[in-house]
Each structure stands twice: as structure tokens, then as C-alpha cells.
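K.L.:
Got a predicted model here, sequence first, then my questions.
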Amino acid sequence: MRAHYFQHVPFEGLGSIAPWLENSGYTITRTQFYKSWSLPDPATIDFLIVMGGPMSVNDEDAYPWLAEEKRFIHSFMMSGKPVLGICLGAQLIASAMGAKVYPNPLKEIGWFPIHGTAAAGKKTFNFPETITVFHWHGETYDLPAGGIRIASSAVCENQAFQVGRNVIGLQFHLETTPASAHEIVRHCQDELQPAEYIQPAATILSASSEQYQVINRQMKDVLSFLTTAKAE
């Protein structure tokens, strides 16, 4: 089996997803859009993961590859194979399906709770009623056609969505590890301007090992759900 991920900046990689994929028997490949790149043959991929990045899905003039990436994502989704989008990745899925992506009224950066919204059932992933997760986003999206909201927060209604049985978009980062948290703080610290839902670097990086374990376990649950999906 082959898992392929789209990477938009060098400091936003797979995090805790990588060991889960390796332990599950996947070969991991990637497209690095910040380097010389080419898109893979979708027929050779079993699982597509679309990572985050500081750009907007609407920045096609600055990043012409965004248009090609969205076309690939849409086509791959139609195959019925599992797709996971994280932060920018979730926004790319929404945009690929024709939904609008735009600035959220407030940025969320740091450790804040989300709330599961989906009714329990085998066809929909169910987050806990409340779980504190790692955020780093300033934009949001309308739900794409056929999308079901599966998580929300106090300042961002569409924190996560599901399309069919095989596609999930997460506005937040369950894959974050201590190392990846340090990397995003180091590269994006200019965004840490004082605001109600923006934590200072010291607060972000003081998270306990248990906080990382909680979100990484939740990430495993999302991955297991997607990779055992039957296309509807």
C-alpha cells in the first residue's frame, strides 16, 4: 500500500501520522510543492494526505500549483479512496469541491477546545464532546456540497467535516508533536500577535506530553476510520 502526502512548506510534515502509516504497512511518498514538483499517478496511491501551510487556497497567482493540486484532490476524492486534509489541506478539499474559503473572524493559534457535532454512527467519524487540540489557522470555509460538520469551536463553526465515508477535513492539527510545534512556532512566530485566541509562544510550547498523546491518539482514530472506509 502507498500513502502519498502533499507538503506545502518544509516545516509542516506528517508528524505523528508517519509512524502510524509505517506500522500499518504503508510506503510513504510525497509531493513537495515548495520545490520542483510533479504530481503522481493517482492509480498508484491508496491514501492521500494533504498537509497545512501558511498560504491561502485563494493565492493561485502567487502559487500556480494550487490550481493543479485542487484538480488532483477532486479527482482523487471521486475514486472513493481515503483522503485526509489538515488545516490548509481541509481548505483545499473544500475549495476543490466548490466551497468558499475566506478569513475567519478571529485567528485560532494554540491549544483550544473543539466540540464534536456529528451524531454517533458507523458512517460518520465522531469526535468527543470536547477535546483540546492544537490550532494554527486564520481562514475558514463553507461546508462543501454533501459535507457533514463533525466538529466546531467557539470561534470557528466548521472545524472539521466529512464527505461520504472516505474524506475528512480537519481545520486543526492532531498530528502535532513537540518537535513540529517548535518548528511552526519558529517559522511563523510573527503571527503570534496578542489576541483572545492567539497564545504566546511560551504557552504553546509548555504543553504537556499528555496533551500531545491525547491528540496523537485521536489522529490514530481518524486514520483508522478513513483507511477502513468503504466508498459510499
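P.N.:
Looks like it came in fine.

K.L.:
And the closest residue to His8 other than its chain neighbours, how far from Asp41?
P.N.:
Leaving aside its sequence neighbours, His8 sits nearest to Gly53 (CB to CB, 6 or more residues apart in numbering; 3.1 Å). (C-beta placed from N, C-alpha, C; glycine too.) Here Gly53 is placed at a distance of 24 Å from Asp41 (CB to CB, to the nearest Å).

K.L.:
Show me which of those two is the more surrounded one.
P.N.:
Counting neighbours by other CB atoms under 10 Å for Gly53 and for Asp41 shows that Gly53 has the greater number, 24 against 7.

K.L.:
What are the buried residues along the lengthiest helix in the chain?
P.N.:
In the chain, with assignment by DSSP state H, the single longest helix is helix 209-227. Buried residues in helix 209-227, defined by neighbour count with 16 or more other CB atoms under 10 Å: 211-212, 214-216, 218-220, 222-223, 225-227.

K.L.:
out of those, who's nearest Gln199?
P.N.:
Gln211 (12.6 Å; CB to CB).

K.L.:
ok so Asp190 is a helix residue?
P.N.:
Yes - applying DSSP: H, G, I helix; E, B strand; the rest coil, one finds Asp190 inside a helix.

K.L.:
Can you report how many residues neighbour it?
P.N.:
Around Asp190 there are 6 residues (other CB under 10 Å).

K.L.:
in whichever helix or strand Arg30 is part of, what's buried?
P.N.:
Assessed by DSSP states H and E, Arg30 sits inside strand 27-32. Residues of strand 27-32 classed as buried by neighbour count (16+ other CB under 10 Å): 30-31.

K.L.:
And the strand ranked longest in the chain, what does it pack against?
P.N.:
Looking across the chain with DSSP state E, the single longest strand is strand 101-116. Applying 3 or more CB pairs under 8 Å, 6 or more residues apart in numbering; DSSP states H and E, we find strand 101-116 packed against helix 88-96, strand 131-141, strand 147-152, helix 201-205.
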